[in-house]
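Q: Below: sequence and its predicted model.
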Number of protein chains: 2
Amino acid sequence: MSVQRLKRVLVGRPIPTSLDQHERLSRVTGLAVFASDALSSVAYATEAILLVLVAAGTAALGASLPIALAIAILVGIVVTSFRQSILAYPKGGGAYVVTRENLGRYPSLVAGAALLIDYVLTVAVSTAAGIDAITSAIPPLYPHRVVLCTAGVVAIAIANLRGIREAGRLFAGPTYLFVGSYLAMIGWGLVQWLGGEVGPAVEASGAAPRGIEALTLFLALRAFASGCAALTGIEAVSDGVPAFRTPEAQHARQVLAVLGLILIVLFVGVTFLVYVFRVVPVAGETTNSQLARLVFGQSPLYYLVQGVTALILVLAANTSFADFPRVASFLARDGFVPRQFGNRGDRLAYSNGILILTVLSVSLLVVFHGDTHALIPLYAVGVFLSFTLKQASMVRYWLRRRQPGWVSGVSVQAVGAMATGLVMVIIAVTKFTHGAWIVVVLIPTLVVAFVTVRQHYDQVARQLSIDGAEVEPPLRAHIVLVLVGDVHRGVLRAIRYARALSEDARGVYVEITPEHTRRVEERWGRFGGGMPLVVLRSPYRSVAGPLLEYLDHLQRQTADQFVTIILPEFIPARWWQHLLHNQTALLIKGALLFRKGVIVTNVPYHLDQ
Amino acid sequence: MSVQRLKRVLVGRPIPTSLDQHERLSRVTGLAVFASDALSSVAYATEAILLVLVAAGTAALGASLPIALAIAILVGIVVTSFRQSILAYPKGGGAYVVTRENLGRYPSLVAGAALLIDYVLTVAVSTAAGIDAITSAIPPLYPHRVVLCTAGVVAIAIANLRGIREAGRLFAGPTYLFVGSYLAMIGWGLVQWLGGEVGPAVEASGAAPRGIEALTLFLALRAFASGCAALTGIEAVSDGVPAFRTPEAQHARQVLAVLGLILIVLFVGVTFLVYVFRVVPVAGETTNSQLARLVFGQSPLYYLVQGVTALILVLAANTSFADFPRVASFLARDGFVPRQFGNRGDRLAYSNGILILTVLSVSLLVVFHGDTHALIPLYAVGVFLSFTLKQASMVRYWLRRRQPGWVSGVSVQAVGAMATGLVMVIIAVTKFTHGAWIVVVLIPTLVVAFVTVRQHYDQVARQLSIDGAEVEPPLRAHIVLVLVGDVHRGVLRAIRYARALSEDARGVYVEITPEHTRRVEERWGRFGGGMPLVVLRSPYRSVAGPLLEYLDHLQRQTADQFVTIILPEFIPARWWQHLLHNQTALLIKGALLFRKGVIVTNVPYHLDQ
């Protein structure tokens, strides 16, 4: 029972179903809860752009500014379309649900696959970037990245298995600290730039890298594709409308607008300062960390920026621990993934979803050595695919309904769908060989798996359906066989039980060593209570073989009957003692598992020592 | 069933018990069968001595000659005492059996532990040395030693699981080829030496190692201890007397004398030539291989010597695959190791013993990187311990009986016991820090384990004994509960079965989602055949908790009853489909396993697709 106790310590006491209520969020806490995922990408999106451009030399880094502006416009388009979709789905609608309702099964499965993959990547990328923020500030930790990432994910997983209460208050502090400290950094940085106080970092270090390729359109598009990681997580508000206080839709729309604005300010601000301060990406320290040190020096403010960056990234990873199990439970309810993902654990959390998310994201972190920028090419394909599907669904929604405002609805969503669809193609093409291919292969694979699982459940339901069934008549015959290897106290109990089950009970002994037979027969005569004993010969020392033949014989004699095979079994007092006994019972159960009309019952006899 | 088919391909068809007969051996084949283990040690014993002496420089290698003579005398003593013990045990007596009969339980368990350890080491050392012989001749294979060793052990294990027939003929060829080729090498080497034709190897290579320690008595004793590996396997003839044609004892004694003579000639001959040809141990080539190349050049004869050396070592490893399972089966019959070691498999072999020997010896080879001389310090302690115990037993045997010849019996065995006991102490002390400590710790540990297992079996037998038992009266009450989560076709079958078992059958439904209850109650009303349905509430979503409470309630009401819990279960058609269904039934079985008076029965419903 020590496993149970360990579970209690880690996970806590069970929580009754009746406590399953939602706390409603004000706009201020709502922004904090839903913004962490979207805003946290500011921590790595700029560097993702620079890491591509730097291949064309430091001179090419200037391209980061128009790219950042393009991404800012994209944020505007997506926020507009999602604000509009809140009007249609005031009760909240994620890409899976909205797509299923408007475009049907297969597109919704594509959206579901894209979302699941995304959530795994959100955990991996956010954790890796959070650890980057820490190792930038404390370089000796840098070689231990993978261990730190794993520990981080496991800690978040345990918190989620416990079921996080008071989530709003937990999120509010770090999110506003992050926004505040980044705004302070950007503001103070701009003041320094205007005053010309900061010398260019690159000249000082003398490490200006030369380009190894030209700044082609393809390279610029790839940089843009990498930067689009900034948009991940922006869908959270429109998925979670019901969490707001009334009027929910209106509050959610206001929060989403503010979120979009903050995201644009932070992302463009950081990218601009990184450019004018000539920060160049290096191994071992993030560009944001370099920027923060240039602005604040090696002061407590620098460490504050790094600390809250790590914290908001942890919170971003944490949101996936709510989202992945929820989407998986939707898919489970519709029969596309194993039903176990629809089960709630002791603490009302979807434990199986949390566990598999942990395993998958830790595996990714280990395979990719906890390297944020190795993971980013896999990341945004799924996000933009789900955006595109949701917006296309909304086009269909407005076209079908033609309620007041449908024209603006269709146009906003169509522009959105085209923009995000185009970006998805750009990402998939420019990042294909860098890892995006994995996701391109994985999504259809998952869809096929979903469909296969659903077909299985449909078949099971059809076969188990009681439509047209009738109350079955009583059995005509019920033969009970007590299988014995020797006559001991456990067998006496089994004999007693067999006599309670049926008039037609028999002992069966499979003779392996003939010398032993007489003893068994003699003892059976004394303790069998008049029950006949059938002795089966076994030239090959197998118990199952002769037993199966005897069953064939019995089942040929009478149709419509059950045969119950009773296996007397003694249960040792300690677990290791099981190893000291033949597992014949288990083998026989295995041999009879697929045999129709046969029921195998263990009658246990518990030993004390 | 593919596991079954794989087993058939590897292991072959089952063999009936009636074919279990012994083929009797002539003296010529008997020598071949029983000599391989003892003679094969010539392949590594000389090198084992030199590897110790070389620490004191090449000048110290001359000490190998007196050491070899001391070992030859020891061979004489042991052979004499074992020939004498055949007179007392004409039906064969291994150390375990002889010690148990004469010295009692605990000494015999020590002997048993020593033997089991020995057999594992015989497999490991012989395989490693056999692979050494091959890699000496084909150096590119040297880096793949561990893989080759593993493959070798696995191949021998499979052959033994098949049950080796025609063993005599299989052994005769390689054993006589080995003896013949080694005699030829020694003879031709002596001729060359007398003619002064062979230049000293060491001067030629210019790699004369300087000593790093002085040739102390301790070092000489350690070299002697290492060389005593030559005696391993010499007990085989006296253990296997009944395998000879009549008169068994006389034939066995003759064969043992010849074996001792050959062993002395080969071992002393090789050691002498290795000395006079100034062969120095090097990594990557055995000293015997160096010697063979000096004598025969890089000729086919050289490759023949290496080939038959490898072959006889494989046969030596193979003998342990007969001995280990046999000793384990003796211990199992006496209840000191799990009974499974007493089971014969499909092919009349003691499969479990063979499997565990394979796992242990492969583990040793992996841990010790397939290095023969790293394993040798572990080797001889157990061998000499079992020799000592057997000879001490024989002293007791003759003292008790005082038959004609008892005086010579006592003296021969007492000399033998003192000699081998002294050697055992020398080995344990001089090799202690080199690995012998492992065996010194392991033997008492194993003895404690044997005793613990035996105590458990004794307790089980006492608790299961039918002494004083009486035929039990019919049950007073038998309640049957059908546990349902929904009403489907599988449940209909379970209901029918429950009605056949008892008048007092009830359905039990644990309510987890209250909305579901009405549907279950309605369907139960239609298909329950009048059986009552009990609904249990579960605020914590656990099925086992409310069920256990209900059982408490039932069992408090009536003493002397059984409660049968029927779990309707559908069996998917394919194994992977099991993953798609909740394993609630398994959890419930686990929760009820230790509950007295409760019997859990699965009623299967087989799906077709």
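A: Done, it's in.

Q: Centre-most residue in chain A?
A: Of all residues in chain A, the one closest to the mean position by CA atoms, centre = their mean is residue A:357, 3.2 Å from it.

Q: Can you tell me the element it falls in?
A: Residue A:357 is located in helix A:351-367, with elements delineated by DSSP states H and E.

Q: average pLDDT for that helix?
A: Taken as a whole, helix A:351-367 has an average pLDDT of 92.

Q: which residues are in contact with that helix?
A: With CB atoms under 8 Å, 6 or more residues apart in numbering or on different chains as the test, helix A:351-367 has contacts from A:119-121, A:123-124, A:127-128, A:146, A:149-150, A:153-154, A:157, A:160-161, A:320-321, A:324-326, A:328-329, A:340-341, A:343-345, A:375. All C-beta spots, glycine's among them, are computed from the backbone N, C-alpha and C.

Q: what's the least confident helix or strand in chain A, going by average pLDDT?
A: Least confident helix or strand, chain A: helix A:201-205 with a mean of 45, by mean pLDDT, DSSP states H and E.

Q: so where do the helices sit in the stretch 151-300 of chain A?
A: Counting by DSSP state H, counting those that start in this stretch, residue ranges of the helices within the stretch 151-300 of chain A are A:167-195, A:201-205, A:217-227, A:236-239, A:248-276, A:287-296, A:300-333.

Q: Tell me the spacing between residue A:279 and residue B:467.
A: Between residue A:279 and residue B:467 the distance is 88 Å, computed by CB to CB, to the nearest Å.

Q: Name the residue in the two with the higher neighbour count.
A: Neighbours were counted for residue A:279 and for residue B:467 using other CB atoms under 10 Å in any protein chain shown; residue A:279 has more, 26 against 6.

Q: and the more buried one, backbone torsions?
A: When read as degrees, to the nearest 10, the backbone of residue A:279 gives phi -80, psi 130.

Q: Could you double-check that it lies in contact with residue A:287?
A: Yes: under the contact definition of CB atoms under 8 Å, residue A:279 touches residue A:287, with a separation of 5.0 Å.

Q: Now do the strand ranked longest in chain A: which elements does it pack against?
A: Under DSSP state E, the strand in chain A containing the largest number of residues is strand A:561-571. On a contact count with 3 or more CB pairs under 8 Å, 6 or more residues apart in numbering or on different chains; DSSP states H and E, strand A:561-571 meets strand A:477-484, helix A:489-501, helix A:544-557, helix A:584-592, strand A:598-606, helix B:436-464.

Q: Could you tell me the angle between that strand and helix A:544-557?
A: Orientation note: strand A:561-571 sits at an angle of 150 degrees relative to helix A:544-557 (axes from the mean of the first three to the mean of the last three CA atoms, to 10 degrees).

Q: Would you give the sheet partners of strand A:561-571, along with the direction of each?
A: strand A:477-484 (parallel), strand A:598-606 (parallel) (DSSP bridges).

Q: next one: the shortest one to chain centre, how far?
A: If I follow you right, that is strand A:477-484. Averaged C-alpha coordinates place strand A:477-484 at 48 Å from its chain's average position (CA atoms, centre = their mean, to the nearest Å).

Q: Give me the common contacts of residue A:279 and residue A:287.
A: Overlap between the contact sets of residue A:279 and residue A:287, as judged by CB under 8 Å, 6+ apart, is given by residue A:50.

Q: List the contacts of the strand or helix carrying residue A:30.
A: Residue A:30 is located in helix A:27-40, with elements delineated by DSSP H and E. Residues outside helix A:27-40 that contact it (CB under 8 Å, 6+ apart): A:25, A:122, A:126, A:129, A:167-169, A:171-172, A:174-176, A:178-179, A:231-234, A:236-237, A:240, A:243-244, A:251-252, A:254-255, A:258-259, A:262-263, A:266, A:309, A:312-313, A:315-316, A:318-320.

Q: ok so, going back, turn the strands paired with strand A:561-571 into TSV, columns for mean pLDDT and distance to residue A:417.
A: Formatted as TSV, the strands paired with strand A:561-571 follow (pLDDT from 0 to 100; distance: least, CB to CB, whole Å):
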stretch	mean pLDDT	distance to residue A:417
strand A:477-484	90	65
strand A:598-606	87	58
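
Q: Report the residue spans of the stretch 501-609 of chain A with pLDDT below the cut-off.
A: Low-confidence segments of the stretch 501-609 of chain A, defined by pLDDT under 70, span residues A:582, A:609.

Q: which parts of it sit against chain B?
A: Applying CB under 8 Å from any CB of the partner chain, we find that the stretch 501-609 of chain A lies next to chain B at A:501-502, A:512, A:523, A:526-527, A:529, A:539-542, A:562, A:564, A:570-572, A:577, A:579-582, A:593-594, A:596, A:599-609.

Q: Among the helices of the stretch 151-300 of chain A, which comes closest to chain B?
A: helix A:300-333 (10.2 Å; CB to the nearest CB).

Q: list the buried ones in the closest one?
A: Within helix A:300-333, the residues that qualify as buried are A:301-302, A:304-332, counting by 16 or more other CB atoms under 10 Å in any protein chain shown.

Q: Ok, stretch A:367-375 next?
A: By neighbour count, and taking 16+ other CB under 10 Å as the criterion, the buried residues in stretch A:367-375 are A:368, A:370, A:372-375.

Q: which one of the helices of the stretch 151-300 of chain A is the most hemmed in?
A: helix A:236-239 (a mean of 26; mean count of other CB atoms under 10 Å in any protein chain shown).

Q: on contacts alone, who are the packing partners of it?
A: Under the contact rule (3+ CB pairs under 8 Å, 6+ apart), helix A:236-239 is packed against helix A:27-40, helix A:64-88, helix A:248-276, helix A:300-333.

Q: at 10 Å what do you get?
A: When contacts are defined as 3 or more CB pairs under 10 Å, 6 or more residues apart in numbering or on different chains; DSSP states H and E, helix A:236-239 packs onto helix A:27-40, helix A:64-88, helix A:95-103, helix A:248-276, helix A:300-333.

Q: In PDB, list the C-alpha atoms belonging to that helix.
A: Taking Å, rounded to 0.1, in the frame of the first residue of the first chain, the C-alpha atoms of helix A:236-239 are listed here in PDB:
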ATOM      1  CA  ALA A 236      -6.700  31.300 -24.800                       C
ATOM      2  CA  VAL A 237      -9.100  34.200 -24.100                       C
ATOM      3  CA  SER A 238     -11.700  33.200 -26.800                       C
ATOM      4  CA  ASP A 239     -11.500  29.500 -25.600                       C
END
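
Q: average model confidence for that helix?
A: 85.

Q: Any regions of chain A where pLDDT drops low?
A: For chain A, applying pLDDT under 70 flags the ranges A:1-23, A:163-169, A:197-212, A:345-349, A:582, A:609.

Q: Break it into its domains for me.
A: Here the domain parsing of chain A from automatic domain parsing is A:24-456, A:477-606.
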